[in-house]
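J.: My questions are about this predicted structure, shown below with the sequence.
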There are 4 protein chains.
Amino acid sequence: MASNSFGTLLRITTWGESHGKAIGVVIDGCPAGLPLNNEDINLELKKRAPGKNPYISPRKEPDCAEIYSGLFEGKTTGSPISIVIFNQDHDSKPYESNKLLLRPGHANFTYLQKYGAFDYRGGGRASARETACRVAAGAVAKKILKEIDIEIVAYVCEIGGISISPYTPSSFSQLRKIVDSSPLFCPDLTISTKMSALIDQVKIDKDSLGGVIECVTSSLPIGLGDPIYEKLEANLAKAMLSIPASKGFEFGSGFKAAQMRGSDHNDLFTLEKGQIVTQTNHAGGTLAGITNGAYLITRTAFKPTSSIARTQQTVNLDGNKEEFTPSEKSRHDPCVAIRAAPVVEAMTALVLADAYLINRGVRL
Amino acid sequence: MASNSFGTLLRITTWGESHGKAIGVVIDGCPAGLPLNNEDINLELKKRAPGKNPYISPRKEPDCAEIYSGLFEGKTTGSPISIVIFNQDHDSKPYESNKLLLRPGHANFTYLQKYGAFDYRGGGRASARETACRVAAGAVAKKILKEIDIEIVAYVCEIGGISISPYTPSSFSQLRKIVDSSPLFCPDLTISTKMSALIDQVKIDKDSLGGVIECVTSSLPIGLGDPIYEKLEANLAKAMLSIPASKGFEFGSGFKAAQMRGSDHNDLFTLEKGQIVTQTNHAGGTLAGITNGAYLITRTAFKPTSSIARTQQTVNLDGNKEEFTPSEKSRHDPCVAIRAAPVVEAMTALVLADAYLINRGVRL
Amino acid sequence: MASNSFGTLLRITTWGESHGKAIGVVIDGCPAGLPLNNEDINLELKKRAPGKNPYISPRKEPDCAEIYSGLFEGKTTGSPISIVIFNQDHDSKPYESNKLLLRPGHANFTYLQKYGAFDYRGGGRASARETACRVAAGAVAKKILKEIDIEIVAYVCEIGGISISPYTPSSFSQLRKIVDSSPLFCPDLTISTKMSALIDQVKIDKDSLGGVIECVTSSLPIGLGDPIYEKLEANLAKAMLSIPASKGFEFGSGFKAAQMRGSDHNDLFTLEKGQIVTQTNHAGGTLAGITNGAYLITRTAFKPTSSIARTQQTVNLDGNKEEFTPSEKSRHDPCVAIRAAPVVEAMTALVLADAYLINRGVRL
Amino acid sequence: MASNSFGTLLRITTWGESHGKAIGVVIDGCPAGLPLNNEDINLELKKRAPGKNPYISPRKEPDCAEIYSGLFEGKTTGSPISIVIFNQDHDSKPYESNKLLLRPGHANFTYLQKYGAFDYRGGGRASARETACRVAAGAVAKKILKEIDIEIVAYVCEIGGISISPYTPSSFSQLRKIVDSSPLFCPDLTISTKMSALIDQVKIDKDSLGGVIECVTSSLPIGLGDPIYEKLEANLAKAMLSIPASKGFEFGSGFKAAQMRGSDHNDLFTLEKGQIVTQTNHAGGTLAGITNGAYLITRTAFKPTSSIARTQQTVNLDGNKEEFTPSEKSRHDPCVAIRAAPVVEAMTALVLADAYLINRGVRL
């Protein structure tokens, strides 16, 4: 079925395969009057671009997005915004030799069973390349949110068991700067160095690492999100679990909540500068699915990259045992979590911008 | 906005407040020809009914559901199935005295901010009572799944830090029996005893506990779930995070995946009884959002019940400090996770039945 | 699939069969703060109630609707509004004798082919009785629209070839009064008398008549409706063609436009009391799918009632020729168009209220 | 809101402005395994291409569509199909001089009021150029329908009051051939000559004509379409009224039904070659919203082209009276209905293919 769209009033539809001619996204429902240009998109795309540093895939895609529609005199018109990114550095040859093998942890088995066909080149539609389109759309969502002073920052908080201490950002602009300057999108430089060393080791081992992305949001208006089935956290959970390689999602106290008592977990209300606020934030920014004015805090877990350079046992399409050794030329991230940080940020922005637009009509 | 519906081809819409006249659900899109009667619904409802044992809320609701439409000669007709459950044992008086106070961890703050009004009696629409409707709808989804031999069992795997060892069920019918016979829905009787003792203690302490629900599914057909934004795990994540008090969701290896290496995490393919299967199941039942034929395994974390018997600091609607002491007559679960088990099961059934119906049209 | 819902931000879901226990509707997405009570619903229901006069079906349903949820202290809360109407005067016996025959113009043939089963009693789900739920929901939509001073009046403009002259209402409150006082919902009393005479004749002939309902709307805000696939007229067309027995929809000049020239059809803009308005209204209230501030004018055609008292040739479920003679006790409208007027009004209100809520977020 | 998508399981999203860089469509939910190439799309596009003959707009667009995604080895994969058509012969200058004027019958007034901005060049997003994307998507829908032997032909049945006699096609392939060979898509060559003469005259008069498009469908499987709000005719009505310049929709007997009696209108069932069929087809192919196996017959009315070469009175954006004289270089259709024929065909194909995919899951 039609499964390539996300959102309600602000809805994106992505298309394209890793080694096809191009990939792209149509953003529908963006309000009119928002200043927007190609550069806004390309700045965000650079963050997740491959080939940037030794810790991510060496595939080199300039990822130069172009807006084909929806703009007039530099501003959005309310019409759909179509963004196209042409694929350039795609080399399908490394995938040829193994095209009859089921790759451990990969989409080809289930796609073949479901559809009877699979574009195996670079993972086809199931490739993480699709997430570039999410980041492009997220750039637009972020601009909408900027209009109401919302900032979102996602960063690596754990890689291969090494994790940063929990912390609350003092300033979002500073956090933004630190995270953007780190090759690992990690705000703790000491921990970041340890993570880098571990990544270096795992590359030598022809292996890969998992990780966790934390995402915090500044100053949300109270009231975003809807009751029952459209709780803000429910839509965030769906958004995060739609990112390739994700295995879990939590917000606020998350799984730790299961070990706490109510008297510790309850965030007590108090008055601060004339505003009703909570003294703690175990809730993570919502109550009953609706923002309560506190920081929104989520964490998303990613499995270690399935594509590893070493030989693995598998079977071919007929079920016969074979060995799978990826071509030396195939290029992969040692830890997909790193490049997932901008994607988490983009998906969070899309969920929040949609919730913001939906919320306008809640009272007569 | 309209936020009380869930599902695509099989869609439920729930309605009703905790202390209103009735609650109910409309199930739309159920295929014709399914045998169904009131008893099918009421058997499932009994599992989550309050007042059953000392470990859950003493509110006594016979929860007698009646099917008002969609049946003819004992079978579904393809028309919407409307189920109504009248509220009986609701006593709104305990809520009167505190109606001007913001209850820590509760919906009243955000509902008031969003809507300008809140039906405070028993939590109104935000009460976990709404989940009875999910269980009723889940009973129908389970019957659809039974037609293709899918069984789902959800159980308590952790309460207040006490957890069972990970295990794989040998037989689903046996697991079903054990779980249904346990007052805590816990399949490990030794651990269950420890959990009960902890719950007894926490009730004395006028406090509450969090917990985790694990859910396993037998023998799924390969190919359920859709790529990109409608991944099976994405829809499960949304379903689980829509349950009141949930704080996190993971499937397969979950957050542990973040600490693993690819060479350990990858589930290697092999041939077993003529079928291509994976030797391990870190994936948890899907690859790239589509079922791979392995057990589907999810875990959902629940915070400790926000309603506790002790006095807590808070503010009133005007922001002035006050103490919140619940009426002795208000009735709550010491650990909401327990009664969440049937709800997790129901929501899983709804997601899977929908995915099953959607999948039929995938190939020409 | 789930096909019993209508609307986007304001969404209704109806359920129930003609001869089942009850019928009902869940209205989701109604903004909070709207005063509402049972009487608001029942006043509208009375308009389409059967048994009111000799020109409509003699079935006597008090149609006493009760609101089961979504209200607190007399106002909507933003939670779903569930309305239940118990069926009372249903007599299934007249349908027993003919249950194996395909009724000309009726749903039983296609329902049986599609679902393999059909609740034949009174037409089951396919009965026009379902439209009572639309009228109940429309009562809520109308109250939302009243808040922004929008009034909608639908009336009979043609029955069996007898039609009223086209006219523009001078005052909506007066039009409302005339239409509500007419047993045929016809604003032209002379024509109405002729129509009544024709209906009397057709009843003697054991036959039925078709008709057309016109619907006008006062003073719409400019800007309702969305471009391309969600044009206001597109959603109105869908709404009207979803009403049982409808065969066509037009707005403004409608099918007559096909015979006009551009120089006659174009509505020229002018300035009136400081507002830009059009001198004529061939457009019928929208330009490119978006309201232009003029009256919204639509017409919906209804076929003659399929159920007629005379004997008709048909076949039984096995395809063998038989005669179909309805029981003398079965009760039908001589002209379904008449009772469709309140339904057209309700569906128009639902489309407009939804468009109004959607439109709020169009500009940053 | 997001209003540029159409369909449920098979969903299209169009984008692009008349004078922007490109226009395009994403087709999501197409089943895997369908052979498809650029030529399939371009053949259909040629039918509605401007510049083809004296009866339609002289703008010359080669309309060369390219499929950017969703194909592998010549077949669809189940992934979204992105089609891009670059704009070439767009000349915005003729629009410059009148950009401050409200064009009678045009979108600029309502778009400006709704969005605060309007891309006036060639009508921007509101231009009929968007319908090229519908035709491109319709080409894919038609290929899906061909797999189950469904053929759709739309043709001009009335222009400026000149109409063809009602007729039932004996052979669809022959009808296809006649219609495709007629410059007016009119199957009656005698009438077609009269229509051409009228068009010639109206061009001299600097005026335009309205028209009606009839659409017939061969041999539909019984059971397509869903009850209540998703009736096949309801979705067709929405589809047709979403086409620019459309003013009305009817199916089967349509508005004539209002003048008929039940005894004439009822289509009597009979047995023919072992199949239950109706002797007549006033129904137009559905009963209660579900296909009954008879031909599907619809008619859609189009207003005369709003853009006419003569001078018209209007006001400017400030409400001051001015004259609007289109540039001699602006290029328009003397009768938009003609080029609407392929669009009606495409939209019908999209509705039917969607209904076909949805219907698969109706029975267990």
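T.: Done, it's in.

J.: any weak-confidence spans in the stretch 201-350 of chain A?
T.: The model of the stretch 201-350 of chain A has pLDDT under 70 over residues A:329-331.

J.: what residues does it put near chain C?
T.: residue A:227 (CB under 8 Å from any CB of the partner chain). C-beta coordinates here come from the backbone N, C-alpha and C atoms, glycine included.

J.: which residues of the stretch 201-350 of chain A fall in strands?
T.: All strands of the stretch 201-350 of chain A, identified by DSSP state E, counting those that start in this stretch, fall at A:211-217, A:246-251, A:269-272, A:275-278, A:286-287, A:290-291, A:296-302, A:312-315, A:321-324.

J.: what residues does the third one touch?
T.: When you say that, I think you mean strand A:269-272. With contact meaning CB atoms under 8 Å, 6 or more residues apart in numbering or on different chains, strand A:269-272 is reached by A:276-279, B:102, B:104, B:109, B:313-315, B:319-321.

J.: Which of those sits closest to residue A:186?
T.: residue A:278 (27.9 Å; CB to CB).

J.: The closest one reaches residue A:294, doesn't it?
T.: Yes: at 5.8 Å, residue A:278 and residue A:294 qualify as touching, with contact defined as CB atoms under 8 Å.

J.: just to revisit the earlier point, closest to chain C among the contacts of strand A:269-272?
T.: residue B:109 (14.9 Å; CB to the nearest CB).

J.: Now do the contacts for that closest one.
T.: With the criterion set at CB under 8 Å, 6+ apart, residue B:109 makes contact with A:269, A:276, A:287, A:292, B:102, B:103.

J.: Identify, by residue count, the longest helix of chain A.
T.: helix A:336-359 (DSSP state H).

J.: Against which helices or strands is that helix packed?
T.: Applying 3 or more CB pairs under 8 Å, 6 or more residues apart in numbering or on different chains; DSSP states H and E, one finds that helix A:336-359 contacts helix A:38-48, helix A:131-146, strand A:152-159, strand A:211-217, helix A:232-241, strand A:296-302.

J.: what's the spacing between residue A:274 and residue D:228?
T.: 51 Å (CB to CB, to the nearest Å).

J.: which of these two has more neighbours?
T.: Set residue A:274 next to residue D:228 and count neighbours by other CB atoms under 10 Å in any protein chain shown: residue D:228 wins out with 27 against 6.

J.: which non-adjacent residue is nearest that one?
T.: Spatial nearest neighbour of residue D:228, chain neighbours left out: residue C:4 (5.0 Å); criterion: CB to CB, 6 or more residues apart in numbering or on different chains.

J.: Residue A:311 now?
T.: Using CB to CB, 6+ apart, the nearest residue to residue A:311 is residue A:325, at 4.4 Å.

J.: same deal with residue A:17?
T.: Excluding the flanking residues, the one nearest residue A:17 by CB to CB, 6+ apart is residue A:124, at 4.6 Å.

J.: Count residues in the vicinity of the nearest residue to residue A:285 once chain neighbours are set aside, would you?
T.: Excluding its sequence neighbours, the residue lying closest to residue A:285 (CB to CB, 6+ apart) is residue A:296, at 3.4 Å. Applying other CB under 10 Å, we find 29 residues neighbouring residue A:296.

J.: For residue A:296, give the beta-bridge partners.
T.: residue A:217 (DSSP bridges).

J.: returning to what we had before: export the contacts of residue B:109 as CSV, with columns for distance to residue A:175 and neighbour count.
T.: Listed next are those as CSV, based on distance: CB to CB, whole Å; neighbours: other CB atoms under 10 Å in any protein chain shown:
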residue, distance to residue A:175, neighbour count
A:269, 27, 26
A:276, 26, 20
A:287, 25, 28
A:292, 21, 26
B:102, 30, 24
B:103, 32, 22
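
J.: which among these gets closest to residue B:164?
T.: Nearest to residue B:164 among the contacts of residue B:109, with distances taken as CB to CB, is residue A:287, at 30.5 Å.

J.: right, and the closest one touches residue B:113 too?
T.: No: judged on CB under 8 Å, residue A:287 makes no contact with residue B:113 at a distance of 9.6 Å.

J.: mind listing what the residue in the stretch 151-300 of chain A that chain C sits nearest to touches?
T.: Residue nearest to chain C within the stretch 151-300 of chain A: residue A:227 (7.1 Å; CB to the nearest CB). By CB under 8 Å, 6+ apart, the contact list for residue A:227 reads A:288, A:289, A:290, B:3, B:4, B:111, B:125, B:126, C:78, C:79.

J.: ok, now which ones touch the second one?
T.: By CB under 8 Å, 6+ apart, residue A:289 lies in contact with A:225, A:226, A:227, A:228, A:230, A:231, A:232, A:233, A:234, B:110, B:242.

J.: Return the member of these nearest to residue D:187.
T.: Taking those together and measuring to residue D:187 by CB to CB, the closest member is residue A:230, at 50.0 Å.

J.: what's the closest one in contact with, if anything?
T.: Contacts of residue A:230 by CB under 8 Å, 6+ apart are A:289, B:1, B:3, B:242.

J.: just residue A:214 next, same as before
T.: Each residue near residue A:214 by CB under 8 Å, 6+ apart is listed here: A:154, A:155, A:156, A:157, A:297, A:298, A:299.

J.: May I ask which two of these are separated the most?
T.: A:156 and A:297 (14.9 Å).

J.: So the two - more neighbours on which side?
T.: For residue A:156 versus residue A:297, the count of surrounding residues by other CB under 10 Å is larger for residue A:156: 28 against 21.

J.: Tell me if I'm right that that one and residue A:195 touch.
T.: Yes: counting by CB under 8 Å, residue A:156 touches residue A:195, with 7.2 Å between them.

J.: any shared contact partners between the two?
T.: Common neighbours of residue A:156 and residue A:195 (CB under 8 Å, 6+ apart) are A:184, A:186.

J.: could you list every residue that touches the nearest residue to residue A:235 once chain neighbours are set aside?
T.: In this structure, residue A:235 finds its nearest non-sequential neighbour in residue A:351, 4.9 Å apart by CB to CB, 6+ apart. For residue A:351, the contacting residues are A:7, A:232, A:235, A:236, A:239, by CB under 8 Å, 6+ apart.

J.: will you turn those residues into JSON lines that also has neighbour count?
T.: Formatted as JSON lines, the contacts of residue A:351 follow (neighbours: other CB atoms under 10 Å in any protein chain shown):
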{"residue": "A:7", "neighbour count": "24"}
{"residue": "A:232", "neighbour count": "24"}
{"residue": "A:235", "neighbour count": "27"}
{"residue": "A:236", "neighbour count": "30"}
{"residue": "A:239", "neighbour count": "29"}
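
J.: Per-residue pLDDT of the nearest residue to residue A:74 once chain neighbours are set aside, please?
T.: The shortest distance from residue A:74 to any non-neighbouring residue, by CB to CB, 6+ apart, is to residue A:35 (5.9 Å). Looking at residue A:35, its pLDDT is 97.

J.: swap in the one 10 residues further on?
T.: pLDDT for residue A:45: 95.

J.: I figured it hits residue A:66, correct?
T.: No: between residue A:45 and residue A:66 there is no contact under CB under 8 Å: 11.3 Å.

J.: what's the overlap in contacts for these two?
T.: Joint contacts of residue A:45 and residue A:66 (CB under 8 Å, 6+ apart) are residue A:85.

J.: Tell me which of the two has more neighbours.
T.: residue A:45 (22 against 16).

J.: List the contacts of that one.
T.: A:63, A:65, A:85, A:132, A:135, A:136, A:139.
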